[in-house]
Structures are given as C-alpha cells and as structure tokens.
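>>> no sequence on this one, just coordinates:
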C-alpha cells in the first residue's frame, strides 16, 4: 500500500502547530507530500494578531525549515507552503472558536484530522487543564462527526494516562477502565469554584493515583472519545517522553525547555548537581520525529483499512488486542522481540484476551472501530515508546553521555563543571541538597548583605544563582514520578504499522527503536539544548548520528 497515494490531493486539519511536535509534523507533511490539497492549521490569536502573522512569526521563522529550504529550493518550498491555511480559533471555546465560515469549510473538505493541542503544564489548574485537554478533544470529535469526507482522526494522548500501572507489568495498547465515570468527573470539575479547585485537585490526584493534572485530564479525554466516537475512524496515539529529533528536521533539534532536555541543560551548566533518580530505571524517551512518523503511518493505516471495508474487502486488521506475550517476548510486527526484565516477570501472568468490544478477564476494555458486518475492529490505541524493546535507554546511560559532552565542551555561562550525582535514596538526596545547596546559598546571601564583604552586585549575583537552583529543583519535582518509576509499554500495534506500507516507505517514516544509538542521541540532545534553547553553539559542529543497529545488521546480510 502506497502511503504517498493515501495523501495525494487530501486536506489535513490539525491543532497544536505552534508546539514542538506540531512544527515537526508540519515539516514532515511539507517534505514528503508535495501534492496535498491543503493543510489547515488552527492558530489561537494573540493580542490582535492575524492568524497568518502569528503563524509566520512562531512557526515559519523556526530554524527547523532551513535544511528543507536547502533541499527543495526556494521556489518549490514556497509552492508547497502556499497550501498551508491558518485559521483563527481556540480549542477552549465552543466550535473551536472558529468563524462559522471556517468551521463549515473545514468540516466539508477535510480528509484527515490530527489533534495535538494540549496544555502540557504539569501544574496547570485542574479546571483549566480539563477545559483544554478534555473539552478541546471533545470539540475536535464534534467537528470530525460533521465531516463527510473524513478518513482518519488521530488524537495525540500520552503513555502516562496509565501512570498507575508502573512496575512489573506490561501496559497494553488499550483503554483501561477508570475507577470513576470520566464524563461525570469532567462535569464535577467544571462545576467547582476556582477558589476550591486546588484542594479538590490535590485530593483527586492522591485518590486516583495520578502525578499531575496533565495525565489525569488526558486519561479522561481518552475515555470520553472512545465512548462518543460513533462511526468516526478514531485512533489514539500515546507518546512516551518526547525528546529532540533523531534525524529530522536535523539531529538534536528542539525548541522547548521541557522534560529530559531541561535536566541535561541544567546539569551541563553546573546548576543541577544532585538528582533523585534510580540510575537503572528506563528513561522512556522517544524522538519527536518518531512520534510524527507514527502519526502519519497511523493516518495511512486507518484510511486504507476503512477504505477496504467500504469496498467490501477483508480489511487487514488485528482482532481486538494481541494475545498475551510469553514471559520473555511480545509479538512485534509478526516477530518475537524480547522484553526488558521489567516486563518478563509479569508477562506470563497476562491471561489471553477476547476480541471485539468485550471486557477482558483482567478488566481491560478492548474498544475498536468495527463495522456492522462484524468485521474485526481496528486497534484503537498505539504507543510511541521504546520500553518494550531491548534497546532501551536508562538514566545512567544518559548520565554518562551528558557528563562526557558538557565537560568536553563547557559553556561560557556554566557556573561549574557537569557533576550530577544520581541518588536513589530520597533521604540521602535531601541531605545532599541541604548541605550542598540550601546552606551554602544561605551563607552566600548573608555574606553578600554584610557591609564589608558584601555589595549590591554580589547580592544580585547570589539571587540569580538561587533562582536558577530553585528552577532546577522545581523541574526535578515535576519530573520525579517519571524518574523513580518505570513502565513497559507494549508497542505491538505500532510496530505492525510497517506492515501497511512499502519497505522503502517504512524507512522514510522510521520509528524502529533499534535505529537509536542512545549515547549519540543524548549528545545531540545536549547540543540542541545549547544551540536552540540557549541560542549559543559557540562554534561547535552539529553531532552526526551513527549508523543504526538495523542498518548495520542488514548490510551484513547482503
């Protein structure tokens, strides 16, 4: 099946274009599909800006376009990007905040919808997160239900909607039931006065085992979408921790100070010196270009399978969920792939599943998009992660690369060498923070305020150091749940996507975990944080990605 043919002459509408993943998604569409009808992007207007003005300033001015312009040439690049249509809107408003004309135009023309927009602020107030992450998704579904030409709708969620399932068990590509009704919970949250939201939020996070409002509201959104999808060809894409690009637009490209990149940067600048983290835990990073490639292949798969059903053919689908893996392997693309040790102990205990939309004996709801003739449903959920592979990255692996890179290439603004200790005991960690951070800074503040040895400039310098240390500690606080727990996210459905594209096209939209050299990737990530976040590469060259394990193996078989 030709993935390029699936997109020829098609209209795509997606949200989140000003975000990190959204920019790369648009980049990939422009690069790979020269004959799209158009790409419509939703832009939230700021301070009276016209949508196209904000789009030009925040998206098209990004350095990620530079290699593509060089590859295509100015004329062809302008021809392809002329098909981009920016419309004003806001997913937090009814009918997506669009004008009636724009709303009806998109509903009438669109073939593919991808919903990426979300608030990823872990500390977002619960009612605001609900309005953005839950109601925003519901409004996108309402648009999809009004679109007669729609061929696929992909909702981008997160692997950590199943945060509670950390430990020695496989997290499957399915929707697990929540201990509450998601729609009722949504209504309850929206009925609360803002003054009591913080108290209600803290209580609910503890009661239901979520680390933050982001994962909580993303979980509710999945439940409601599955319940209300009707005949919409819906698929849910769950990325793990999204990191810098592996290869496209260029190795190490990143434009957001989030997640692991923030730890690499503050550690490299000498600000972060101690990290509460189990060094052997899996750091389930996924390159942003892998997430984008998976989304495109998923659109292709849903479209081709549903087209086959409409033509009266037997669609190449899986029946509900895959069978339970053995104690040492899980089926990936029809082949056996060994799981890391975290999954092995529990995999054998996963009992066999039934098919269709039934309830499994382990309480999993297996939901799909089957038709009235009884054809097997398409799998609904797809993980974009690396933890089900042997080729996982662990925090200790990242630590080695970060220390090597930043100490060999110290930044002029660094306050000291990169020397981060990974401490897996919370009390030892707190003691080190107290003796190496809290007390020294308090002493420095006192000295800077004294009449003889102190001065206003020294006082200001200490205050800046205190703010930097506080920010690094706050970043750790937000990220701690993901460093001191680990998961094994089954990716059977995702790996099977390559069965629905030609081999050379599968490589063009790569998402194979064995393509990643984690040491080289972490070095590229560190370089990207310095160049694209600090805006200072101080003359050093961009790291190159070595050949992948897959490429090396295939060469040996020729």
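Happy to help now that I have it. This structure is a prediction, so every number in the text was calculated from the model and none was measured. Numbering: from 1, shown residues only.
>>> so how many other residues sit close to the closest residue to residue 423 other than its chain neighbours?
Distances taken as C-beta to C-beta, 6 or more residues apart in numbering place residue 429 nearest to residue 423, at 4.3 Å, with adjacent residues excluded. In this view, the C-beta of every residue, glycine as well, is placed from N, C-alpha and C. By other C-beta atoms under 10 Å, the residues close to residue 429 number 19.
>>> which ones are touching residue 429?
For residue 429, the contacting residues are 274, 275, 276, 423, by C-beta atoms under 8 Å, 6 or more residues apart in numbering.
>>> Please report the distance of the residue located most distally from the centre of the chain from residue 204.
The centre of the chain is farthest from one residue, residue 452, which by C-alpha atoms, centre = their mean lies 52.3 Å away. From residue 452 across to residue 204, the span is 54 Å (C-beta to C-beta, to the nearest Å).
>>> Same question for residue 211.
12 Å.
>>> Residue 286 now?
Residue 286 sits 28 Å away from residue 204, going by C-beta to C-beta.
>>> which regions of the protein lie under the pLDDT threshold?
For the chain, applying pLDDT under 70 flags the ranges 309-377, 537-539, 558.
>>> swap the cut-off to 50 and go again
Applying pLDDT under 50 to the chain picks out residues 315-376.
>>> Domains of it: list them as residue ranges, please.
Per the record, the chain has its domains at 3-240+284-387+486-516, 395-483, by automatic domain parsing.
>>> Off-centre distance for the first one?
It refers to domain 3-240+284-387+486-516. Per C-alpha atoms, centre = their mean, to the nearest Å, the displacement of domain 3-240+284-387+486-516 from the mean C-alpha position of its chain is 9 Å.
>>> Also stretch 421-438?
Counting by C-alpha atoms, centre = their mean, stretch 421-438 comes out at 30 Å from the chain centroid.
>>> what distance separates the start and the end of it?
Stretch 421-438 has an end-to-end distance of 17 Å (C-alpha to C-alpha, to the nearest Å).
>>> In it, which residues are buried?
422, 423, 424, 429, 432, 433, 437 (16 or more other C-beta atoms under 10 Å).
>>> And for stretch 1-13?
For stretch 1-13, burial by neighbour count (16+ other C-beta under 10 Å) applies to 1, 3, 6, 7, 10, 11, 12, 13.
>>> Now intersect those residues with the helices, please.
Of the positions in the buried residues of stretch 1-13, 3, 6, 7 sit in helices, assigned by DSSP state H.
>>> Closest to residue 42 out of these?
Nearest to residue 42, judged by C-beta to C-beta, of these is residue 7 at 19.6 Å.
>>> Need the winner for burial among the domains of the chain.
The highest mean neighbour count among the domains of the chain, using mean count of other C-beta atoms under 10 Å, belongs to domain 3-240+284-387+486-516: a mean of 19.
>>> Which residue, neighbours along the chain excluded, lies closest to residue 525?
Distance criterion C-beta to C-beta, 6+ apart; nearest residue to residue 525, sequence neighbours excluded, is residue 244 at 4.6 Å.
>>> Residue 256 is in contact with that neighbour, correct?
No. Residue 244 is beyond contact range of residue 256, at 9.6 Å (criterion: C-beta atoms under 8 Å).
>>> who has more neighbours, those two?
Neighbours around residue 244 and residue 256, counted as other C-beta under 10 Å, are more numerous at residue 244. The numbers are 29 against 17.
>>> quick revisit: which single one of the ones in helices among the buried residues of stretch 1-13 is nearest to residue 56?
Here the nearest of those to residue 56, counting by C-beta to C-beta, is residue 7; it sits at 24.4 Å.
>>> and residue 85, what element?
For residue 85, the host element (DSSP states H and E) is strand 84-88.
>>> Pairing partners for that strand, with directions?
Neighbouring strands of strand 84-88 in its sheet, by DSSP bridges, are strand 38-43 (parallel).
>>> Outside of the partner strand itself, which residues are in contact with it?
By C-beta under 8 Å, 6+ apart, strand 38-43 touches 11-15, 17-18, 22, 26, 29-30, 51, 54-55, 59, 83-91, 96, 98, 106, 109-110, 117.
>>> So which of those residues are in strands?
Judged by DSSP state E, the contacts of strand 38-43 include 11, 12, 13, 14, 84, 85, 86, 87, 88 as members of strands.
>>> Which helix or strand contains residue 457?
For residue 457, the host element (DSSP H and E) is helix 456-483.
>>> Show me what that helix is packed up against.
helix 259-268, strand 274-276, helix 439-449 (3 or more C-beta pairs under 8 Å, 6 or more residues apart in numbering; DSSP states H and E).
>>> quick check: angle from the longest one to helix 456-483?
With axes from the mean of the first three to the mean of the last three C-alpha atoms, to 10 degrees applied, the angle from helix 439-449 to helix 456-483 works out at 160 degrees.
>>> what's the offset of helix 439-449 from the middle of its chain?
Between the centre of helix 439-449 and the centre of its chain there are 41 Å (C-alpha atoms, centre = their mean).
>>> What is that helix packed up against?
helix 456-483.
>>> Please report how far residue 191 lies from residue 521.
Using C-beta to C-beta, we find residue 191 at a distance of 45 Å from residue 521.
>>> from the buried residues of stretch 421-438, which ones fall inside strands?
Judged by DSSP E, these include 422, 423 as members of strands.
>>> now, the most widely separated pair of the buried residues of stretch 421-438?
424 and 437 (18.5 Å).
>>> hang on, the earlier thing: pipe the domains of the chain into a markdown table and attach distance to residue 557 per row.
Formatted as a markdown table, these follow (distance: least, C-beta to C-beta, whole Å):
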| stretch | distance to residue 557 |
| --- | --- |
| domain 3-240+284-387+486-516 | 14 |
| domain 395-483 | 28 |
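>>> Residue 262: which of those is closest?
domain 395-483 (4.9 Å).
>>> Compute the first-to-last residue distance for the closest one.
Start-to-end, domain 395-483 (C-alpha to C-alpha) is 8 Å.
>>> Check stretch 78-90 too.
This stretch, stretch 78-90, spans 27 Å end to end (C-alpha to C-alpha).
>>> Likewise for stretch 47-64?
From its first residue to its last, stretch 47-64 covers 26 Å (C-alpha to C-alpha).
>>> Same check on stretch 123-135?
Stretch 123-135 end-to-end distance (C-alpha to C-alpha) = 18 Å.
>>> got a list of contacts for stretch 62-79?
23, 24, 27, 30, 31, 34, 80, 249, 250, 253, 255, 532.
>>> Quick check: the two most widely separated of these?
Spanning the widest gap among those are 34 and 532, at 27.1 Å by C-beta to C-beta.
>>> Residue 226 reaches residue 380, doesn't it?
Yes. Using C-beta under 8 Å, residue 226 is in contact with residue 380, at 6.7 Å.
>>> now residue 113: how far from residue 405?
Applying C-beta to C-beta to residue 113 and residue 405 gives a distance of 40 Å.
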